[in-house]
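**Q** I would like the atomic coordinates for the input below:
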Amino acid sequence: MKDTAQSYHADAHESVHLAPTSPTATYPRTTGNSIMKEFCKELILPVLLLLVLTVGVQAQFTFTTNHDGSLSIYQYTGAGGAVVIPGTTNGLPVTSIGYGAFYDCTNLTSVTTPTSVNNIGISAFDSCTSLTNVTIPASVTSVGRYAFEGCTSLTSITIPDSVTTIDNGVFYFCSHLRNVIIANGITNIGVSAFSSCTSLTNVLIPDSVTSIGGFAFFGCVSLTSITIPDSVTRIEAALLESCINLTNVFLPASVTSIGNSAFNGCSSLKGIYFKGNDPSLGFSVFAGDPNALVYYLPGRTNWGALFGGQPTALWLPQAQTTGTGFAGQKIPFGFNIRWASGQTVVVEACTNLALPAWQSMQTNTLTGDTAYFSDPQWTNSPGRFYRLRSP
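**A** Alright, predicted model coming up:
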C-alpha cells in the first residue's frame, strides 16, 4: 500500500493532464527460493505521472506523490539497459524507489541513483537478472527487504555508512556477487541477507555491527574465512551453514551463545578460534565438519578436551616464516607474529638448542591480530633460534 497524496500524468511533449487508471492491482511473484510473494499497489487518486526521458535508452517511470510533496518511483516500464533515475520531476524531488518498482526487469543492466533518494523499497530490484551495477548514494538511509534478491548478475556492491540495516534477504541468491563493502554505519545484518551468494569469497564485517541474523551467509560456498566483530554477542542459527569452502572462523570474546547448525556442513572447516570463554551451544553446531579443531586462548575458562563434539587445542602465537612478512636473510632479520588482537607475546632467542639459554628480546601487544619482530643483533652470532610465549 502506498501513502499517496497526489499524482499526475505527463510526458516529454505534452502538458500535465489527468488520465484514468485502475484503482488496484495485485501482482503475484515467485522469487529465487520459490516462495510466492504478493503485494498490492493501490492508488488513492486515479491519476499517474508518466515521465519519458532519453538517457541512452528510453526510460519510463510512473510516480506517486508523498505527503511531503516528494516523489516515489511506483513502477519502471522502460526497455532496460543503463538507467539513470532523475533527481527531480516537474520540480519535485525523487526521494524513494518504491515497493517492487523494478521487479523482474530482466533487461536492466545498471542503475544510477541520485542523491535525492533516501529509500530503496522492499523488492525494489527483485529478480533483475541482468543487473550488474548499482550505485547507492550516501543519501540512502534505508534499503528494504529483498531489495536485490535474485540479481544473479550483480558482482559487487558498496553499502554506504548512511545505511544502518542490511535487511532480511536483501542480497539473497545474488549468485555472482563477489565483493561487498559494508561501511561502518551498519549495525544490523538481517536474516538471509547474503544467503546463497555462491560467489562471495570474503566479507569484512565492521565493528559497528551488533547483530547478524540467522542464515545470513547460508550456502555461501565460495566463502573461505570470516571474522565476527567484538560487538556481536550471539551467533544465530545456520549463520554459516553449508559454506563448504570455509576454512577458518574467528569469534570474539563477546560471543556468549551459538545457535543451532551455525556451522553445519562446513566440510572444509579446519579452525574455529575463540577469544573468550566457552559459549553455550545449540544443536548440530559442527555437524558435518569432520576436520574442525576448536582453538581457545591461554587463561580462558571452562574449555575441555571436546567442544560441541570437536577436539580443542590451545591457541598459541605463530611466527610467519614465509611470504612478505618474513625478512629471511635481509638486514635486520624479522618476521610477523600472528595471534589474537590484544594478546601479549614475548619473543625469546638463544644460540644453542643443546644448552639453551633463552633471552627475552621483545614484548609486544598485538593490534589487528599481528605484530612485527625484528632483531638488529642477529649477525652477532653464527646462528640464533627464536621462540614465542605468552607472559
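**Q** Sketch out the low-pLDDT regions of the stretch 151-300 of the chain for me.
**A** In the prediction, the stretch 151-300 of the chain carries no residues with pLDDT under 70.
**Q** ok, which stretches of it are strands?
**A** Taking DSSP state E, counting those that start in this stretch to define them, one finds strands in the stretch 151-300 of the chain at 156-159, 165-166, 179-182, 188-189, 211-212, 225-227, 234-235, 248-251, 257-258, 271-274, 280-281, 293-296.
**Q** and the ones you listed as CSV, adding mean neighbour count and distance to Gly98?
**A** (Glycine included, C-beta is placed from N, CA and C.) Formatted as CSV, these follow (neighbours: other C-beta atoms under 10 Å; distance: least, C-beta to C-beta, whole Å):
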stretch, mean neighbour count, distance to Gly98
strand 156-159, 16, 20
strand 165-166, 22, 18
strand 179-182, 16, 25
strand 188-189, 20, 23
strand 211-212, 19, 27
strand 225-227, 17, 34
strand 234-235, 22, 34
strand 248-251, 20, 39
strand 257-258, 18, 39
strand 271-274, 21, 43
strand 280-281, 14, 43
strand 293-296, 20, 47
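**Q** Turn these into TSV, including distance to Val83.
**A** Shown next, in TSV, are the strands of the stretch 151-300 of the chain (distance: least, C-beta to C-beta, whole Å):
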stretch	distance to Val83
strand 156-159	17
strand 165-166	23
strand 179-182	22
strand 188-189	28
strand 211-212	32
strand 225-227	34
strand 234-235	39
strand 248-251	39
strand 257-258	43
strand 271-274	44
strand 280-281	48
strand 293-296	49
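**Q** So for Ser381, which of those sits nearest?
**A** Closest to Ser381 of those, according to C-beta to C-beta: strand 293-296, at 33.8 Å.
**Q** Listing partners with orientation, what would you give for that closest one?
**A** strand 271-274 (parallel), strand 310-314 (parallel) (DSSP bridges).
**Q** Quick one: distance of the first one to the chain centre.
**A** Think strand 271-274. Distance of strand 271-274 from the chain centroid (C-alpha atoms, centre = their mean, to the nearest Å) equals 20 Å.
**Q** the domain parsing of this structure - what is it?
**A** What automatic domain parsing lists as the domains of the chain is 1-145, 155-315, 318-389.
**Q** number of nearby residues for Thr77?
**A** 12 (other C-beta atoms under 10 Å).
**Q** no no, Leu314
**A** Leu314 has 11 neighbours, counted by other C-beta under 10 Å.
**Q** what's near enough to touch the closest residue to it other than its chain neighbours?
**A** In space, and not counting its chain neighbours, Leu314 is closest to Pro298: 6.3 Å by C-beta to C-beta, 6 or more residues apart in numbering. Residues near Pro298 by C-beta atoms under 8 Å, 6 or more residues apart in numbering: Leu314, Trp315, Leu316, Ser390.
**Q** Please name the bridge partners of the closest residue to Val249 other than its chain neighbours.
**A** By the measure of C-beta to C-beta, 6+ apart, the closest residue to Val249 outside its immediate chain neighbours is Ile272, 4.9 Å from it. On the basis of DSSP bridges, Ile272 is bridged to Val249, Val294.
**Q** Test my guess that Ile272 contacts Leu251.
**A** Yes. Contact criterion C-beta atoms under 8 Å: Ile272 and Leu251 qualify, at 6.8 Å.
**Q** one step back: how far away is the residue nearest to Leu314 from Leu316?
**A** 8 Å (C-beta to C-beta, to the nearest Å).
**Q** Give me the common contacts of those two.
**A** Between them, Pro298 and Leu316 share the contacting residues Ser390, judged by C-beta under 8 Å, 6+ apart.
**Q** Can you get me a residue count around Asn184?
**A** Asn184: 11 neighbours (other C-beta under 10 Å).
**Q** how much space is there between it and Ile258?
**A** Distance of Asn184 to Ile258, computed by C-beta to C-beta: 25 Å.
**Q** And for Phe335?
**A** In terms of C-beta to C-beta, Phe335 sits 34 Å off from Ile258.
**Q** Please apply the same query to Leu108.
**A** Leu108 is 40 Å from Ile258, by C-beta to C-beta.
**Q** Likewise for Thr141?
**A** Between Thr141 and Ile258 the computed distance is 32 Å (C-beta to C-beta).
**Q** now do Leu316
**A** 23 Å.
**Q** Equivalent analysis for Asn90, please.
**A** According to C-beta to C-beta, Asn90 and Ile258 sit 54 Å apart.
**Q** Likewise for Leu293?
**A** From Leu293 across to Ile258, the span is 16 Å (C-beta to C-beta).
**Q** Same check on Asp230?
**A** In terms of C-beta to C-beta, Asp230 sits 16 Å off from Ile258.
**Q** likewise Asn245?
**A** Taken as C-beta to C-beta, the span from Asn245 to Ile258 is 20 Å.
**Q** so which of the strands of the stretch 151-300 of the chain comes closest to Ile122?
**A** Closest approach to Ile122 among the strands of the stretch 151-300 of the chain (C-beta to C-beta): strand 165-166, 12.8 Å.
**Q** What residues does Thr88 make contact with?
**A** Contacts of Thr88 by C-beta under 8 Å, 6+ apart are Val94, Ser116.
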